[in-house]
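A.B. asks: next one to model:
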Amino acid sequence: MTDSAMDDWFSEERATFGDRLAAARETADLTQKALAKRLGVKAKTIAAWENDISEPRANRLQMLAGLLNVSLMWLLNGEGDGVDPPGMEPALSPDARSVLLELRELRGDIDDAAQRLARLEKHLRKLLEADGA
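C.D. replies: Next up is the predicted model:
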């Protein structure tokens, strides 16, 4: 395969949003269930996105891009920072792979904590409004 064909592997003409999502999830060593948990959706929702039955809303797209370490534009149309085509992934030592997985897990934990913080802040605002009324 030529270099330009490899560059176009995940292009809008050759791959769907679901193809790119599945590739990025697999590259991140996440199952559909694990990704769903981090996003706060059901595994069948991830499956529907990967099978191009439905698409995530904008806020979920942003979270997906962050969790999977790809650009939002790459997820949408294959342009920008994404994952390497099959067979082109760099070889990682077991130690480097372990660190990478731990970093991704930590990023997911931080995203979960940020969502929890936002929910608590919203709840506190409602309580303060009720006290002031």
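A.B. asks: so which elements touch the helix or strand where residue 33 lies?
C.D. replies: Element membership of residue 33, judged by DSSP states H and E, is helix 32-39. Judged by 3 or more C-beta pairs under 8 Å, 6 or more residues apart in numbering; DSSP states H and E, helix 32-39 is in contact with helix 43-50, helix 58-68, helix 94-132. Every residue, glycine included, has its C-beta placed from N, CA and C.
A.B. asks: mind redoing it with 10 Å?
C.D. replies: Packing partners of helix 32-39 (3 or more C-beta pairs under 10 Å, 6 or more residues apart in numbering; DSSP states H and E): helix 17-27, helix 43-50, helix 58-68, helix 94-132.
A.B. asks: just how off-centre is the helix or strand following the third one within its chain?
C.D. replies: Where DSSP H and E defines the elements, the next helix or strand beyond helix 58-68 is helix 72-77. Using C-alpha atoms, centre = their mean, to the nearest Å, we find the averaged C-alpha position of helix 72-77 to lie 11 Å away from the chain's own average C-alpha position.
A.B. asks: convert the C-alpha atoms of helix 72-77 to PDB, please.
C.D. replies: Presented in PDB, the C-alpha positions along helix 72-77 are these (Å, rounded to 0.1, in the frame of the first residue of the first chain):
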ATOM      1  CA  LEU A  72     -12.400  15.700  17.200                       C
ATOM      2  CA  MET A  73     -12.000  16.300  13.500                       C
ATOM      3  CA  TRP A  74     -10.300  12.900  13.100                       C
ATOM      4  CA  LEU A  75     -13.300  11.200  14.700                       C
ATOM      5  CA  LEU A  76     -15.700  13.100  12.400                       C
ATOM      6  CA  ASN A  77     -13.900  13.100   9.100                       C
END
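A.B. asks: buried residues, it. List them.
C.D. replies: Within helix 72-77, the residues that count as buried by 16 or more other C-beta atoms under 10 Å are 74-75.
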